[in-house]
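**Student:** Generate a structure from the sequence data that follows.
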Amino acid sequence: MSFWALLIFSALSIFAFRILPFFFAKSAYLSNQDGVFYRFLTYSTQAMLGAIVYATAFFSKDIVSFVSDFALVDVVKLALLIFVFIATMVTNRLLSAFLLSLVIFVGFVLWYMPI
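**Tutor:** Predicted coordinates:
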């Protein structure tokens, strides 16, 4: 799969899995938040979001090319991804952690790698 095909598939599946519960709100499967089906929908959207983040951050590199071409900017990307994960788990607020890490990354790129 190409990057754009993966991105479009991921975006459509995230959209579908987030919208479907509204259409089937009265369903016993989707109204039970401790149920297997509800958990599957939640985990699948998180997995698709993770695939989009990885493809965007590391340009769909496989592990061999990632390790062989490892640079300081990759360390910063990994550190910020870990920071966003931990900050989201602690504060339960994804957007603020993401925006903070985005500002840090843009500042790093502008300071360390001038154009």
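**Student:** show me the contacts for residue 112.
**Tutor:** Applying Cβ atoms under 8 Å, 6 or more residues apart in numbering to residue 112 gives the contacts 72-73. In short, each C-beta sits where N, CA and C put it, glycine included.
**Student:** With residue 71 as the reference, measure out to it.
**Tutor:** Distance of residue 112 to residue 71, computed by Cβ to Cβ, to the nearest Å: 11 Å.
**Student:** For the protein, which helix extends over the most residues?
**Tutor:** helix 36-58 (DSSP state H).
**Student:** what about that one, average pLDDT?
**Tutor:** For helix 36-58, the mean pLDDT works out to 76.
**Student:** for that helix, packing partners?
**Tutor:** Under the contact criterion of 3 or more Cβ pairs under 8 Å, 6 or more residues apart in numbering; DSSP states H and E, helix 36-58 touches helix 3-23, helix 28-31, helix 72-91.
**Student:** Okay, domains of this structure per the record?
**Tutor:** Following automatic domain parsing, one finds the domains of the chain at 1-70, 71-115.
**Student:** quick one: average confidence on the shortest one?
**Tutor:** Here domain 71-115 scores 86 as its mean pLDDT.
**Student:** Okay, now stretch 64-81: how far is its last residue from its first?
**Tutor:** 20 Å (Cα to Cα, to the nearest Å).
**Student:** Next, the buried residues of it.
**Tutor:** Neighbour-count burial for stretch 64-81 flags 76-77, 80-81 (criterion: 16 or more other Cβ atoms under 10 Å).
**Student:** Show residues contacting it.
**Tutor:** 53, 57-58, 61, 101, 104-105, 108-109, 112-113.
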